[in-house]
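*Asks:* how would this look folded up:
(3 chains)
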Amino acid sequence: MPFQLPAEVPLSWYLILSAILFVTGAAGFLIRRNIITVFMCIELMLNAVNLTFISFSNALGKVDGHIFSFFVMVVAAAEAAVGLAIILTVFKNRATLEIDEVSSLKL
Amino acid sequence: MFDVPLFLTFAAIAVACAINLVLQTHPISSALSLVGVMGSLAVLYLLLGGQFIAAVQLIVYAGAIMVLFVFVIMLLNAGAEKRPSRRVLGAAVALPLLFTAAALGAVMITTQIPKTAAVKFGAFQLGGAASIGRELFTRYLLPFEVTSILILIAILGAIVLARKEI
Amino acid sequence: MQHLWLIPALPFAGFLVNGIFGRRMPKAAVTATATGSVLLSLFWTVKVLLGLGTLEHVYLERYFTWLQSGIVNVSFDFAVDRLSAVMLLIVTGIGSLIHIYAIGYMGHEHGPNHGGYYRFFAYMNLFMFFMLVLVLAANYLVLFVGWEGVGLCSYLLIGFYFLKKSAGDAGKKAFVVNRIGDFGFSLGMFLILIHFGSLDFGSVFGKAATMSPEASAGIITAICLLLLVGATGKSAQVPLYVWLPDAMEGPTPVSALIHAATMVTAGVYMVARSSALFELAPVAKETVAIVGLVTAVLAATIGLTQWDIKKVFAYSTVSQLGYMFLGLGVGAYSAGVFHIMTHAFFKALLFLGAGSVIHALEGEQDLRMMGGLRSKIPLTCFLLFCASIAIAGVPPFSGFHSKDAILLAAHHHAPWMFWVAVVTAGMTAFYVFRAFFLAFLGNYRGQGHPHESPPVMTAPLGVLALLSLVGGYFDVPHYLEPMFHGGHAPHETSLVVISVAAGLTGIGLAFLFYVAKPGLPDAVSRLFGPVYRLVYYKYFVDEAYDAVIVHPARDGSTAVLWRGVDAGFIDGIVNGVGSVARSVGGGLRQIQSGYIRRYAAWVLLGSIVIVAAASFLGGAR
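*Replies:* Model prediction:
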């Protein structure tokens, strides 16, 4: 039997896409060492979560998911502003963007 | 009727850009890949009936936030990452973890989501600015106002952190 | 409403003012607050008693429910009957006089910010407060509050000169010995609560009277014996009397007020208060009499040999308290209370007079360093003479009346008790006059320049002297008769003559030994060498207690409790907890690498575990 595309997109596809994006972001977070890239990976994970919200909102026929993703965006914006300011400060003080060199939390 | 092809196209673009984001060593390439992910996600939001969110995604995320990223990258003149010297152990830990996470996600999605649930284009009518705004200023008024305080704090924090003396 | 609460509240207010602000107040203000509050309390007592009239029945004031839990239902009540009326007058009256006296006696106690002065008066006021609570209490628990409170003040005031090691030790001794008695008292209270379901005097005695004697005889005897243990601690009876002679380390007004006139009679008061119970327990009553008699004899013999003037009077106090217990034990409760009163008069006078002598000699307390003071401080000499003839039982002075009442009752109860008590009375007269003659007759043997005390000290002494002389005509026994059920001893003139003769013999012997033939005491003491030494060293009771109780307790504490339990076990636990925490922390510390991505990996692992657990355990549906 030849592979037949469905007429409508199943909800699970959106969720699988979201999962793939999330795991990719997490992988980047764990693998990359440039602080800015790590930061962008976080943004990627947030986007994946947003996609889940919107999908479920669609599936349930309620607007709340949109509101949540809106808030996520706002928080992401705030986080980006502060996080990038921190990155600037770290770079000014240590002249590096290598994440493993910023490890003074350790005893 | 173009639902499925559109979804597949933009999902593929998003995944490709995401993987590119992770694999590129130069941050500016990663940033541009992220813009690609966000743009394709905006199209998917439209497919899901979220016009308002799609617009915000483009304006705020792909626009403002990414501009901030690119600006910082250029300001710091960050170059490509150096080759890792001892990342074998890290990968040995990270990859099984990620694989487990992905597998868990797949299991959850396949077992918990009914097979018949489908996204029908045009069925969801609440994604406009009117309905979102109504919710935002009635039921979600307090979180909304609190968010404004959060942004204020973030602005102050950014200013304080970015001052010269620190 | 007569506002009984004002009687203790006034000294308490004085304590608060002096205790908190005394350091910054001028000396005159401290004095005025302290003595003023006590005088006001005396005034209010008189006013209340006049307002209550003849006090045919108990007058009760209820204030608030204090404890309510299960069968324990204790309210904070004060009550006045004839017994507490007598005690109230003694406490506030003598207290006022001694406060006034202390103004002069403690006048030198002013270091920077007149150091000990305000502290002394604050403690004294606190003592008055607790003592009045004790007397006014309408149930055993409130009485116990006062009981413990006066013990605390006694401790504070014995150790008043806390820089002196002996004073601190004496305070601790008093405190510890009293704890033993208080332990017995609390056990007695628990038994009362279990048996009668109440601690109120009224309901306890009422129920005791209606219960069948056979069924409750054992438990009432146990209660009475435990109460007696408490009384022996507070009132310095055998075997717990050892703290009182040491308590003379405190300032003399303290010795007079707390350790002679008021606090030490609390045990007598408590037993008299519980007379309804003791009447139902003949065994306990007999024990009271014997304890009192033994104490009286033992302390009197020790008093014969002491050289420290305050020690003589201290043993005399113990001995007289023994008399009071004898009176209680033979059923003459009213005579015992009567003796509390007369004893308060002449013993306070003896102590204050001794204080006046000590004050005159600038701290000298040894009788061998006195002598011939009659011409140097004649007023004090006269006042002390009044006290001495009062305590010696010379008619018609106060000691004669009360002691005689006790002796008659003792004879009525058991003649041998009477004879022992008569001999003790002779010894009492002997040692008091021995001290008197040694101090005032003969030639002065010290080096100082004695000077008479100021009027602020001698005036209260004058009042006390008057009371000592005529106090026997306050007919307390008759006043208290309706309260007690004890039999009335018939008056027998021959017995009175015998007891008076014993007293006069004691005085005569003292005169013979210490004035007429000064060499005689040494000869006698050589003749009875071992006996003399035994008595001089107070029967080695302190040493015996040391050997039997204190040393084993200390060695046991060192070997078992300190080295074993504390250093071995408890420290082991503490150190073990510490080292476990340290090693676990050392292991966990490896997780805290400082690398952000490792933290992220932990977060990822944790979320995987949680989601997996939730889904497989059925949390997610």
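
*Asks:* Find the residue closest to the residue positioned nearest the centre of chain B in space, skipping its chain neighbours.
*Replies:* Centroid check for chain B by C-alpha atoms, centre = their mean gives B:Met38 as the closest residue, at 5.9 Å. Spatial nearest neighbour of B:Met38, chain neighbours left out: B:Ala62 (4.2 Å); criterion: C-beta to C-beta, 6 or more residues apart in numbering or on different chains. All C-beta spots, glycine's among them, are computed from the backbone N, C-alpha and C.

*Asks:* now the strands for the chain?
*Replies:* You didn't pick a chain, so chain A it is. Applying DSSP state E to chain A gives strands spanning A:9-10.

*Asks:* please go with chain C instead
*Replies:* According to DSSP E, the strands that chain C contains are C:59-69, C:72-80.

*Asks:* Point out the most buried one among these.
*Replies:* Among those, ranked by average contacts under mean count of other C-beta atoms under 10 Å in any protein chain shown, first place goes to strand C:72-80 (a mean of 19).

*Asks:* That strand - contacts with which helices or strands?
*Replies:* Contacts defined by 3 or more C-beta pairs under 8 Å, 6 or more residues apart in numbering or on different chains; DSSP states H and E place strand C:72-80 against helix C:27-52, strand C:59-69, helix C:115-136, helix C:140-158.

*Asks:* Not counting its own residues, what contacts that strand?
*Replies:* C:2, C:4-5, C:48-49, C:52, C:55, C:58-68, C:88, C:136-139, C:141-142, C:193, C:198-202 (C-beta atoms under 8 Å, 6 or more residues apart in numbering or on different chains).

*Asks:* thinking again about what came up before, among the strands of chain C, which is nearest A:Lys62?
*Replies:* Ranking those by proximity to A:Lys62 (C-beta to C-beta) places strand C:59-69 first, at 56.3 Å.

*Asks:* Alpha carbons of the closest one, as CSV, please.
*Replies:* Output of strand C:59-69 as CSV, limited to C-alpha atoms (Å, rounded to 0.1, in the frame of the first residue of the first chain):
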residue,chain,number,x,y,z
TYR,C,59,-13.3,35.2,102.5
LEU,C,60,-12.5,34.2,98.9
GLU,C,61,-11.7,36.3,95.8
ARG,C,62,-11.7,34.7,92.4
TYR,C,63,-9.6,36.2,89.7
PHE,C,64,-9.2,34.0,86.7
THR,C,65,-8.9,30.4,85.5
TRP,C,66,-5.3,29.6,85.4
LEU,C,67,-5.0,26.1,84.1
GLN,C,68,-7.7,23.9,82.6
SER,C,69,-6.8,20.6,81.2
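
*Asks:* tell me the average confidence for it?
*Replies:* The average pLDDT within strand C:59-69 is 89.

*Asks:* Tell me which stretches of chain B form helices.
*Replies:* In chain B, the helices defined using DSSP state H lie at B:3-23, B:27-47, B:51-56, B:66-76, B:88-112, B:129-137, B:141-161.

*Asks:* Which residue ranges make up the domains of chain B?
*Replies:* According to automatic domain parsing, chain B comprises the domains B:1-81, B:128-166.

*Asks:* Now render the ones you listed as JSON lines, adding distance to A:Met45.
*Replies:* Compiled in JSON lines, the domains of chain B are given as follows (distance: least, C-beta to C-beta, whole Å):
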{"stretch": "domain B:1-81", "distance to A:Met45": "10"}
{"stretch": "domain B:128-166", "distance to A:Met45": "19"}
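
*Asks:* Just say which of these is most tucked in.
*Replies:* domain B:1-81 (a mean of 19).

*Asks:* centre of the chain versus that one, how much separation?
*Replies:* Centroid displacement of domain B:1-81 relative to its chain, using C-alpha atoms, centre = their mean, to the nearest Å, is 7 Å.

*Asks:* Could you do stretch C:281-288 as well?
*Replies:* 22 Å.

*Asks:* that older thread, going by mean pLDDT, which of the helices of chain B comes out lowest?
*Replies:* Lowest mean pLDDT within those: helix B:88-112, a mean of 80.

*Asks:* Having no further points to raise, I will conclude here.
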